[in-house]
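S.K.: I would like the atomic coordinates for the input below:
(chains A and B)
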Amino acid sequence: MKKETKKKIGLVLVGAIVFVIFIFPLYWMLVTALKTQLEIFKIPTPLWPHDLTFDAFKDQLSQSSDTLQGFKNSLIIALGATAISTVLSIPASYGLARFKFSGRKVIILLFLITQMLPSTLVLTSLYIMFSKMGILNSYLAPILADATLGIPFSIIILRTYFISIPKELDEAAKIDGCGHLTAFVRIMLPIAKPGVVVAAVFSFVYAWGDLIYGITFITDPTKRPITSSIYNYVQQYQTLWNSTMAFGIIAILPVVLIFIFMQKYIVSGLTNGAVKA
Amino acid sequence: MKRIIKNKTASLGILFSLPALIYMMVFIGYPMIQNFILSFKNVDVYTFSQAANQKFVGFQNYLDLFKGANSVLPIAIKNTIIFTVGSIFFQFVIGFGLALLFNKKFPGCSFFRGVTMISWLLPVTVAGLLFKFMFQLNGGIINQLLMSIHVLKEPIEWLLNGKSAMAAIITANIWIGIPFNMMLILTGLTTIPNDIYESAGLDGANKIQTLFMITIPMIKPAIMSVLTLGFVYTFKVFDLVWVMTKGGPVNATELVSTYAYRLSFQEFQFSKGAAAANVLFMILLCVGFFYIKTISDDEVM
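M.R.: Here you go, the predicted structure:
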């Protein structure tokens, strides 16, 4: 018994050390945002702010800064991309899970491959295409492009979900006189809801984190997503690290909130889909 | 009669998946073909808007990329391989270690495991800037930490020196990628039945023997998908490097993805950029096929 407890204490200690090392960069982001410039460049720099200040956050949240605008733009872009990705993926994954037809395997394979593609491969052609459509510098360009990041992942996740739902359920629905479509909407969708949440969460996180489409398709500072505006902010204010870190904290806020409230979904998504674009 | 029903349900299946399929064809498939054609043309900033002057030049772009005077692509490929192998090695080893740790039950286990996930979800742009700041000469914490434990005598300019810049971007990428490795291996570990370990213990196997003779062979499929997927995702990393070093100093951290982007959107040599992106695609395709082959027996297919 005593040996057991000793072992447990050892494990907790190792776990705690891992935790501290792992979380340190995030801690550092937060304390830097709360320091004065003077303290940041002091040698050695203090490990916590002695002269605590919220000025960096105040600057970022003031009327004149791009931060809130970028946040709003990212929200519109990420929600738009999530909507497209989810609406298209649900029926597709149902079709690929429940029906046997020739070419099904090839289609699944194609979706698997698309998530391995580098964005640079389609970037130039998309740029030309969007320029012809006249949608550069509008939200639509990154929305359309970001949705392609979410679709393959969502389809793979949701397909495993639909497969795991017992077939007897839709057969029972059919006996009760439901067509395929009604069975899908009334029976399958409610059961697959957790899978839909995972798919939507990941589509959102992908779109929120995108940089390459954002900096390429949008040059208008008022339309930029937040990743692109923080990138441009650093180019401009090279050493204003407290403001940059405050900006960064605002930029990661939605993801952190999603993480806190939906951790279970995220873990299941990661292990079932095993992917990140 | 039965056949008709079968055909009807089959076409229904296609119908369900058609919208997503068409979407991906329009925004991924078609641009890929366009990119392929573009890579055999001479489109640059001069000929971009004059379709009349655009012509096919065969493999000229590819030849220029590989053989041209002061061509960067071979360096970029070499850098990408170093970046990928360096990242994956440490991500995998650390991720494996953490998976073994978190596979044990102890108080706080699920909390610690949960929190380590966060680095993987953060927008890479922000993670990159954070590490860029930590690796600064002035105010950077990494120099200070290394000096306080006497690894470094004096602060170094991590990002302005070729080799240390590569080490810095690899370090940042390891931090981002560990949770992915950990979670996938952890899932593999939970599938190993406990009684196998018990009988190994009875046979007198020690911990190292158990690890190499039982654990690793049992989760080989998980290991294979972590490694191949990790390779693909690391090989195409763009934003982290673009944010931290932009490929510098003097191409020391230029990856194929950043090089392709630079050619197309900073030098406006669209055809050359397309060719570089295609080279990246070809490499990924080979590894991707390897991955699909390993999982094709799996229930995914």
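S.K.: contacts and neighbour counts: CA atoms only from here.
M.R.: Noted.
S.K.: how many neighbours does residue 40 have?
M.R.: With no chain named, the answer covers chain A. 25 (other C-alpha atoms under 10 Å in any protein chain shown).
S.K.: looking at chain B here, not the other one
M.R.: Count around B:Phe40 with other C-alpha under 10 Å applied: 20.
S.K.: Any regions of the stretch 1-150 of chain A where pLDDT drops low?
M.R.: Applying pLDDT under 70 to the stretch 1-150 of chain A flags the ranges A:1, A:63.
S.K.: Closest approach to chain B from it, which residue is it?
M.R.: A:Ala92 (3.5 Å; C-alpha to the nearest C-alpha).
S.K.: what comes up buried for the helix or strand hosting that residue?
M.R.: Following DSSP states H and E, one finds A:Ala92 within helix A:67-98. Neighbour counts over helix A:67-98 (16 or more other C-alpha atoms under 10 Å in any protein chain shown) mark A:67-86, A:88-98 as buried.
S.K.: and if you look at stretch A:53-65?
M.R.: Buried, per 16+ other C-alpha under 10 Å, within stretch A:53-65: A:Asp55, A:Ala56, A:Phe57, A:Gln60, A:Leu61.
S.K.: now the end-to-end length of it.
M.R.: 18 Å (C-alpha to C-alpha, to the nearest Å).
S.K.: now do stretch B:231-240
M.R.: 16 Å.
S.K.: check whether it contacts chain A.
M.R.: Yes: applying C-alpha under 8 Å from any C-alpha of the partner chain, one finds that stretch B:231-240 is in contact with chain A at B:Val232, B:Tyr233, B:Lys236, B:Phe238, B:Asp239.
S.K.: now, which of those lie within helices?
M.R.: B:Val232, B:Tyr233, B:Asp239 (DSSP state H).
S.K.: For the stretch 101-250 of chain B, what lies in contact range of chain A?
M.R.: So the stretch 101-250 of chain B meets chain A at B:101-102, B:106-109, B:112, B:114-116, B:118, B:121-126, B:130-131, B:133, B:138-139, B:141, B:144, B:175, B:180, B:183-184, B:187, B:229, B:232-233, B:236, B:238-239, B:243 (C-alpha under 8 Å from any C-alpha).
S.K.: Which among those residues count as buried?
M.R.: Buried among those by 16+ other C-alpha under 10 Å: B:101-102, B:106, B:109, B:112, B:114-116, B:118, B:121-126, B:130-131, B:133, B:138-139, B:141, B:144, B:175, B:180, B:183-184, B:187, B:229, B:232-233, B:236, B:238-239, B:243.
S.K.: For B:Ser17, which non-adjacent residue is closest in space?
M.R.: Among residues not flanking B:Ser17 along the chain, A:Ala92 sits closest, at 3.5 Å (C-alpha to C-alpha, 6 or more residues apart in numbering or on different chains).
S.K.: likewise A:Gly95?
M.R.: Nearest residue to A:Gly95, sequence neighbours excluded (C-alpha to C-alpha, 6+ apart): B:Gly13, at 4.3 Å.
S.K.: would that neighbour count as being in a helix?
M.R.: Yes: read with DSSP: H, G, I helix; E, B strand; the rest coil, B:Gly13 is one of the residues of a helix.
S.K.: Tell me how many other residues surround it.
M.R.: 23.
S.K.: got a pLDDT number for it?
M.R.: On pLDDT, B:Gly13 comes in at 80.
S.K.: Just to check, it is in contact with A:Phe99?
M.R.: Yes: with contact defined as C-alpha atoms under 8 Å, B:Gly13 reaches A:Phe99; the gap is 5.1 Å.
S.K.: The residue nearest to B:Ser17 against A:Ile155, yeah?
M.R.: Yes: with contact defined as C-alpha under 8 Å, A:Ala92 reaches A:Ile155; the gap is 6.8 Å.
S.K.: hmm, back to that, so which of the residues of stretch B:231-240 next to chain A comes closest to chain A?
M.R.: B:Lys236 (5.5 Å).
S.K.: Ramachandran angles for that closest one?
M.R.: phi -110, psi 10 (degrees, to the nearest 10).
S.K.: what's the answer for the one 10 residues further on, then?
M.R.: Dihedral angles phi and psi of B:Lys246 (degrees, to the nearest 10) take the values phi 60, psi 30.
S.K.: now swap in the one 4 residues further on and tell me
M.R.: For B:Val250, the backbone dihedrals are phi 40, psi 60 (criterion: degrees, to the nearest 10).
S.K.: Contact partners for it?
M.R.: B:Gly162 (C-alpha atoms under 8 Å, 6 or more residues apart in numbering or on different chains).
S.K.: Quick check: the gap between it and A:Ile165.
M.R.: Taking C-alpha to C-alpha, one finds B:Val250 at 55 Å from A:Ile165.
S.K.: go on, B:Tyr46?
M.R.: 57 Å.
S.K.: who has more neighbours, those two?
M.R.: A:Ile165 (15 against 12).
S.K.: Tell me the spacing between that one and A:Gly179.
M.R.: 18 Å.
S.K.: likewise B:Phe265?
M.R.: Where A:Gly179 is concerned, B:Phe265 sits at a distance of 51 Å (C-alpha to C-alpha).
S.K.: Looking at these two, which is more packed in?
M.R.: B:Phe265 (16 against 12).
S.K.: rewinding a little: any chance of the residues of stretch B:231-240 next to chain A in CSV, plus pLDDT?
M.R.: Formatted as CSV, the residues of stretch B:231-240 next to chain A follow (pLDDT from 0 to 100):
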residue, pLDDT
B:Val232, 87
B:Tyr233, 89
B:Lys236, 89
B:Phe238, 94
B:Asp239, 93
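S.K.: Please tabulate these in JSON lines and include distance to B:Ile75 as additional columns.
M.R.: Shown next, in JSON lines, are the residues of stretch B:231-240 next to chain A (distance: C-alpha to C-alpha, whole Å):
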{"residue": "B:Val232", "distance to B:Ile75": "19"}
{"residue": "B:Tyr233", "distance to B:Ile75": "20"}
{"residue": "B:Lys236", "distance to B:Ile75": "15"}
{"residue": "B:Phe238", "distance to B:Ile75": "16"}
{"residue": "B:Asp239", "distance to B:Ile75": "19"}
